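*Asks:* 3D model of this:
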Amino acid sequence: MVIKEKVILLVEDNPDDVELTKRALRKSNVANELIVARDGVEALDYLFGTGAYEGRDVNNLPQVILLDLKMPRIDGLEVLQRIREDERTKMLPVVILTSSDEEMDMMNGYKLGANSYVRKPIAFNQFSDAVGQLGLYWLILNEPPPQ
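*Replies:* Residues are numbered from 1 along each chain as shown. Coordinates of the predicted model:
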């Protein structure tokens with residue numbers, strides 16, 4: 001089964017992790033468009049139609065955001081906070097996908113409204129399985145809130 005149409009926003013500054021995520025989604029037959037934001041500023045610009053994304057239809061929101069925490073300019077927790085503070089995006093599913101094993105990051109992520117917190121496994125097969133399961137859950141099984 002090939003899953004298509006809904007956009008996934010991947011917020012990740014590590015090019016290797018971006019490529020691993022792309023490969024993992026392909027391996028799981030998730031063919032959705034993947035928008036990659038390389039840091040928190042770019043992610044917020046995409047979501048709110050500012051900066052390089054000026055004029056983008058902000059009503060066309062991603063189905064799910066895969067959000068790294070440790071990024072330059074604006075980190076993932078601040079991105080999450082801004083997403084939850086805005087009426088247009090506060091209900092968007094946000095999955096923190098990070099290598100951080102700091103308990104405070106997990107606690108703060110959930111306090112700020114993350115829907116899920118997934119630690120990136122080191123081995124590609126584990127990472128691939130985790131990303132594939134995330135894609136299938138958030139794109140097929142999860143019922144998003146009405147817009």
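*Asks:* low-confidence stretches in the protein?
*Replies:* Residues of the chain that meet the criterion pLDDT under 70 lie in 1-5, 121-122, 124, 136, 140-142, 144-147.
*Asks:* and the residue nearest the centre of it?
*Replies:* Nearest to the geometric centre of the chain sits residue 66, at 1.6 Å (CA atoms, centre = their mean).
*Asks:* pretty sure it sits against residue 21.
*Replies:* Yes. Assessed by CB atoms under 8 Å, residue 66 is found in contact with residue 21 at 7.0 Å. All C-beta spots, glycine's among them, are computed from the backbone N, C-alpha and C.
*Asks:* which residues do the two both contact?
*Replies:* 10, 12, 97, 131 (CB atoms under 8 Å, 6 or more residues apart in numbering).
*Asks:* contacts only, for the nearest residue to the last one once chain neighbours are set aside.
*Replies:* Okay, so that is residue 131. Nearest-residue entry for residue 131: residue 24, 3.6 Å, with adjacent residues in sequence omitted and distances by CB to CB, 6 or more residues apart in numbering. Contacts for residue 24 were tallied using CB under 8 Å, 6+ apart; they are 124, 127-132.
*Asks:* buried among those? Make that a ChimeraX selection.
*Replies:* Here is the ChimeraX selection string for the buried members of the contacts of residue 24, based on 16 or more other CB atoms under 10 Å:
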select :127,128,130,131,132
